[in-house]
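Trainee: Here's my sequence, what's the structure:
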Amino acid sequence: MSDPERPTAERDYERQLRQMNEALLVSSMHQHELTEQAQLAEAANAKLAAIVESSGDAIISKDLDGVITSWNKGAQRLFGYTADEAIGKPVTLLIPEDHLDEEPMILDRIRRGESVDHYETVRRRKNGTLLDISLTVSPIRNAAGRVIGASKVARDITGQKQAEAALRDSEERYRNLFNSMDEGYCIIEMIFDEHEKPVDYRFLEVNPAFEKQSGMHDVIGKRMLEFVSDIEETWLANYGNAALTGTPTRFANEYKTLDRWFDVYAFKVGGRDSRRVAVLFTNITERKQAEKQMREQAEALADLHRRKDEFLAMLSHELRNPLAPISNAVQLLRLQKNENALQQQARTIIERQVGQMTRLIDDLLEVSRITTGRIHLHRERVTLGGIVENAVETVRTLIGQRGHVLKVSLPPEPIWLDADAARLEQVMVNLLNNAAKYTDEGGHIWLGVTQEGDEAVLRVRDTGVGIAPELLPHIFDLFTQSERSLDRSQGGLGIGLALVQRLVEMHRGTVEAHSSLGRGSEFVVRLPVVLTVAPQTLPAATEARPTGTSCRVLVVDDNMDATQSLEMLLITTGHQVRTAYDGPTGLKVALDFRPDVVLLDIGLPELSGHEVARRIRQQPTLKDTVLVAMTGYGQETDRQRSLEAGFDHHLVKPADFGKVQQVLATVSEKKAT
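Mentor: Reported below is the predicted structural model:
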């Protein structure tokens, strides 16, 4: 049966059945979809719960009444409460700070559906400690979209806040230090050309002292070339090297364009690619000016010292020139056999005063030798007893003149020293002269020599006026003297004791003084001794007397009295003599006379004695002539110049005629052989 022929009721039933099946299918599909959605939602919720639980942050949910609805492990770690202790409790019960004044404001924003990000506040832990935390608060909505609560994400920022506080404190201390420093301080950024050559720098930061130290104002952000027309190479090189290599540098230099001197310490700041340099500096212009002034003063003092030495040398020369003929005249008088008592007394007085003047001149010259360290020792093995005897003989006239009683005590066995005999004799003469000058007439002087262990001990004691207590610590200083009086006009120059100390110390010895006013003084000298050696014969003083073989002697001196008196002495002692009063004449006479010995003054007119000596040495006929310098200049440099000019001997005026005779005797012996 065809479909149209089917009954209508059957067709309606089938249609209804089909519709019911379709409806059941649709319902089944919808139910399956709902199931899948529920499963997805459940999985999402589980995943969200896992994320919340595993979060390091504290995540808390509460309803609008403030009752806690969720509490993760991060919240437990942060606040100390477990989920069981927290959920269902009002948040203010666990965390009282949650009702602070700012909470209504947050709650009001949440009710309006707004979020609050990174809100910083303070919350209390279960154990009572306070925490600095950062909060992010978000609204919680129901299915209808209505706000029913809030969720909070809390992070502990206590360490961060402490670090920030420490940083602020550090920055404050740095800023206080930065601002209170007396030194100028700046941070500059170096500017290089394409070849990494420094060409300029920019000021990034300066402290208040910068302007005072540098004299520059309003520099931040500006380049140095905006203040000066040219940057000196030294500054660019030092700063550029610090920026490129990271090696700190310290230097002092003048910034000529600023007309100032600076002491600078520069070091790199920032990372590897930084071109920034920190500069700590001090204006040292005043110090440099003071140093320059001190150098100029030192140079002026050195020049003054040099001129003083030259003056002393010239003074001694001028003083010795008149002493030379006087000394020669005394020697002539001594050669006279028929002098009466009055003549002998007069000659003795002249001889004594000449000796005193000579010693004063020698002491005067010793000033420069002491201060410049130009005293040189000629050491040899000598006996202390022989030196003492010579010193006593030298001062015996002064001691006898004042009627002193001198007692000398020497050990039975000789005491040997490695010493300069002449210098030690000078020490003892100065000490004995000092005792004689400051001891009243008829007083006593004791000179004792002993050996104590490996030291020779020399004591000079007197019954003189003594030394004031305030003067005693300075008694060995230059130019130190006790108060002079009219009856002690021979006080000297205040040089002798300073010379004594220096000479004793050069012999590795010591000297000390003991005294009190009105009870005399004692000076104690200690010197190191050496092992006993074979005794050496000390040269005896030579008196003016005729020698065995006559010598041909030429005397050249512009001082007529000195020339004539020396000529008379030489003729009296049996020599052939010629004289001249200037350099050219002396050279001519030497060529004609062919002398064995030339006694030649240095300071001659027209041609100096040095030049005369050099020209004589150039003459083959005069190659064996002995040249003796007779001069008022007696310093070591003067002796060296004489040696270089060709002199064989250097005698200082007034020359001891005995030394002249020793030279002549040596020449006579050579002629005799």
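Trainee: quick one: the helices in the stretch 1-150 of the chain?
Mentor: Along the stretch 1-150 of the chain, counting by DSSP state H, counting those that start in this stretch, helices occupy 8-54, 73-79, 83-86, 91-94, 102-111.
Trainee: Which of the ones you listed comes out lowest on mean pLDDT?
Mentor: By mean pLDDT, the lowest-scoring of these turns out to be helix 8-54, with a mean of 58.
Trainee: and residue 557, what does it touch?
Mentor: 563, 566, 579, 581, 599-601, 604, 630 (C-beta atoms under 8 Å, 6 or more residues apart in numbering). C-beta here means a position set from N, CA and C on the backbone, and glycine is covered the same way.
Trainee: Okay, it and residue 326: tell me how far apart.
Mentor: Distance of residue 557 to residue 326, given as C-beta to C-beta, to the nearest Å: 14 Å.
Trainee: Centre-most residue in the chain?
Mentor: Central residue of the chain (C-alpha atoms, centre = their mean): residue 291, 13.3 Å from the mean position.
Trainee: Quickly find the element holding it.
Mentor: Taking DSSP states H and E as the criterion, residue 291 maps to helix 285-335.
Trainee: for that helix, the distance to its chain's centre please.
Mentor: 31 Å (C-alpha atoms, centre = their mean, to the nearest Å).
Trainee: Equivalent analysis for stretch 208-228, please.
Mentor: Mean-position distance between stretch 208-228 and its chain equals 33 Å (C-alpha atoms, centre = their mean).
Trainee: can you pull the buried residues of it?
Mentor: Going by neighbour count (16 or more other C-beta atoms under 10 Å), the buried part of stretch 208-228 is 209-210, 213-214, 216, 219, 223-224, 227.
Trainee: Inside strands: which ones of those residues?
Mentor: With strands defined by DSSP state E, no entry of the buried residues of stretch 208-228 lies inside them.
Trainee: which one of those residues is nearest residue 238?
Mentor: Among the buried residues of stretch 208-228, residue 224 lies closest to residue 238 (C-beta to C-beta), at 13.4 Å.
Trainee: Now do the strand ranked longest in the chain and helix 102-111, the angle between them.
Mentor: The longest strand of the chain (DSSP E) is strand 130-141. Angle of strand 130-141 versus helix 102-111, following axes from the mean of the first three to the mean of the last three C-alpha atoms, to 10 degrees, is 20 degrees.
Trainee: returning to that earlier point: which pair of the buried residues of stretch 208-228 spans the longest distance?
Mentor: Within the buried residues of stretch 208-228, two members stand farthest from each other by C-beta to C-beta: 209 and 223, at 21.3 Å.
Trainee: mind giving me the domain split of the chain?
Mentor: Using automatic domain parsing, the domain ranges for the chain come out as 3-50, 55-162, 181-283, 375-528, 552-672.
Trainee: Out of those domains, which is closest to residue 330?
Mentor: Per C-beta to C-beta, nearest to residue 330 of the domains of the chain: domain 552-672, 9.2 Å.
Trainee: Do a quick rundown of the strands in the stretch 451-600 of the chain.
Mentor: Per DSSP state E, counting those that start in this stretch, the stretch 451-600 of the chain carries strands over the ranges 455-462, 510-515, 521-528, 552-556, 576-580, 597-600.
Trainee: Switch the ones you listed over to JSON lines; also include mean pLDDT, mean neighbour count and distance to residue 335.
Mentor: Output for these, formatted as JSON lines (pLDDT from 0 to 100; neighbours: other C-beta atoms under 10 Å; distance: least, C-beta to C-beta, whole Å):
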{"stretch": "strand 455-462", "mean pLDDT": "93", "mean neighbour count": "20", "distance to residue 335": "36"}
{"stretch": "strand 510-515", "mean pLDDT": "91", "mean neighbour count": "17", "distance to residue 335": "41"}
{"stretch": "strand 521-528", "mean pLDDT": "94", "mean neighbour count": "20", "distance to residue 335": "39"}
{"stretch": "strand 552-556", "mean pLDDT": "93", "mean neighbour count": "24", "distance to residue 335": "17"}
{"stretch": "strand 576-580", "mean pLDDT": "92", "mean neighbour count": "19", "distance to residue 335": "15"}
{"stretch": "strand 597-600", "mean pLDDT": "93", "mean neighbour count": "28", "distance to residue 335": "18"}
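Trainee: Would you mind saying which of those lies nearest residue 401?
Mentor: Closest among the strands of the stretch 451-600 of the chain, using C-beta to C-beta: strand 455-462, at 15.6 Å.
Trainee: For that closest one, give me every contacting residue.
Mentor: Here strand 455-462 makes contact (C-beta under 8 Å, 6+ apart) with 384, 388, 415, 417, 428, 431-432, 435-436, 438-439, 443-451, 520-529.
Trainee: The residues you listed in helices, which ones?
Mentor: 384, 388, 428, 431-432, 435-436 (DSSP state H).
Trainee: Can you name the two of those that sit furthest apart?
Mentor: By the measure C-beta to C-beta, 384 and 436 form the most distant pair in these, at 20.8 Å.
Trainee: and residue 661, which of the three is it?
Mentor: Reducing the assignment at residue 661 to three states with DSSP: H, G, I helix; E, B strand; the rest coil gives helix.
Trainee: now the contacts of residue 557 as a markdown table including distance to residue 362?
Mentor: Converted to a markdown table, the contacts of residue 557 look like this (distance: C-beta to C-beta, whole Å):
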| residue | distance to residue 362 |
| --- | --- |
| 563 | 24 |
| 566 | 21 |
| 579 | 28 |
| 581 | 27 |
| 599 | 21 |
| 600 | 22 |
| 601 | 19 |
| 604 | 24 |
| 630 | 17 |
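Trainee: Among these, which one lies nearest to residue 617?
Mentor: Nearest member of these to residue 617, counting by C-beta to C-beta, is residue 600, at 11.9 Å.
Trainee: List the residues that contact that closest one.
Mentor: 554, 556-557, 586, 609, 612-613, 627-630, 647.
Trainee: still on that earlier bit, save the ones in helices among the contacts of strand 455-462 as JSON lines, and put in pLDDT and neighbour count too.
Mentor: Shown next, in JSON lines, are these (pLDDT from 0 to 100; neighbours: other C-beta atoms under 10 Å):
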{"residue": "384", "pLDDT": "91", "neighbour count": "24"}
{"residue": "388", "pLDDT": "90", "neighbour count": "22"}
{"residue": "428", "pLDDT": "91", "neighbour count": "25"}
{"residue": "431", "pLDDT": "92", "neighbour count": "26"}
{"residue": "432", "pLDDT": "91", "neighbour count": "26"}
{"residue": "435", "pLDDT": "89", "neighbour count": "28"}
{"residue": "436", "pLDDT": "88", "neighbour count": "23"}
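Trainee: Now tabulate those residues in a markdown table and tack on distance to residue 234.
Mentor: Below are these laid out as a markdown table (distance: C-beta to C-beta, whole Å):
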| residue | distance to residue 234 |
| --- | --- |
| 384 | 63 |
| 388 | 66 |
| 428 | 61 |
| 431 | 60 |
| 432 | 64 |
| 435 | 65 |
| 436 | 67 |
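Trainee: Of all the strands of the stretch 451-600 of the chain, which one is nearest residue 652?
Mentor: strand 597-600 (13.0 Å).
Trainee: after that closest one comes which helix or strand?
Mentor: helix 609-617.
Trainee: so where's the stretch 101-250 of the chain shaky on pLDDT?
Mentor: By pLDDT under 70, the weakly predicted segments of the stretch 101-250 of the chain are 101-103.
Trainee: Please disregard the earlier target; I meant the stretch 401-550 of the chain.
Mentor: Those would be 478-494, 531-548, if you go by pLDDT under 70 across the stretch 401-550 of the chain.
Trainee: rerun that using 50 as the cut-off
Mentor: Applying pLDDT under 50 to the stretch 401-550 of the chain flags residues 483-491, 535-544.
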